[in-house]
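Enquirer: my questions concern the predicted model and sequence given below.
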Amino acid sequence: ETLGALWCSFRCYLLWRVWRDHILMNLPRRHTVSTFSEVNMGSSLAVKILLNSQHAAATILLIWLFVIFLGAYWWRAVEATACQFGTQTLDPRCEDDNALQWNLGVVGTEFEKQNDDYFWNAIWVC
């Protein structure tokens, strides 16, 4: 279920198409102007319009918050280990020391993995 949700969250790029079309919809005769001037009125023009508008700071803030929350969700989903969910049947690999004792690749940085299900802790990591 988590992997499916992660995979579907990659589809957030589809929101950009709707937003881009909404921005470009306000341009009068955009198809005629695009054809005569041979300028592609696509995503790059929509970004220029967004950053030149009076709502540029709010737009950047919203995009930044969206990326932070999406990154925190991805981090939380990837960080969670199945050995610590408390299910009835554990995989035999969960008894291995590597499943519980983690390190940071340097001698002396070993620690016991604690699976914290609190979502806000993952936000601070991003």
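Expert: Arrived safely. Numbers count the residues shown, from 1 in each chain.

Enquirer: quick check: mean pLDDT across stretch 28-42?
Expert: Across stretch 28-42, the average pLDDT comes to 77.

Enquirer: could you find the closest non-adjacent residue to Ser9?
Expert: Ranked by C-beta to C-beta, 6 or more residues apart in numbering and with sequence neighbours excluded, the top spatial neighbour of Ser9 is Leu70, at 6.3 Å. C-beta: built from backbone N, CA, C; applies to glycine.

Enquirer: can you tell me the element that neighbour falls in?
Expert: Assignment of secondary structure by DSSP states H and E places Leu70 within helix 56-79.

Enquirer: give me the helices and strands touching that helix, please.
Expert: Applying 3 or more C-beta pairs under 8 Å, 6 or more residues apart in numbering; DSSP states H and E, one finds that helix 56-79 contacts helix 2-9, helix 43-52, helix 119-125.

Enquirer: quick check: what element follows it along the chain?
Expert: Past helix 56-79, further along toward the C-terminus, the next helix or strand under DSSP H and E is helix 97-100.

Enquirer: quick one: low-confidence parts of this structure?
Expert: Residues of the chain that meet the criterion pLDDT under 70 lie in 1-2, 78-91, 99, 113-126.

Enquirer: and the residue nearest the centre of it?
Expert: Within the chain, the residue whose C-alpha comes closest to the C-alpha centroid is Leu70; the distance, by C-alpha atoms, centre = their mean, is 3.3 Å.

Enquirer: touching, it and Cys8? I think so.
Expert: No: counting by C-beta atoms under 8 Å, no contact exists between Leu70 and Cys8, whose distance comes to 11.7 Å.

Enquirer: pretty sure Gly108 is in a helix, no?
Expert: No: secondary structure of Gly108, determined by DSSP: H, G, I helix; E, B strand; the rest coil: coil, with no helix assignment.
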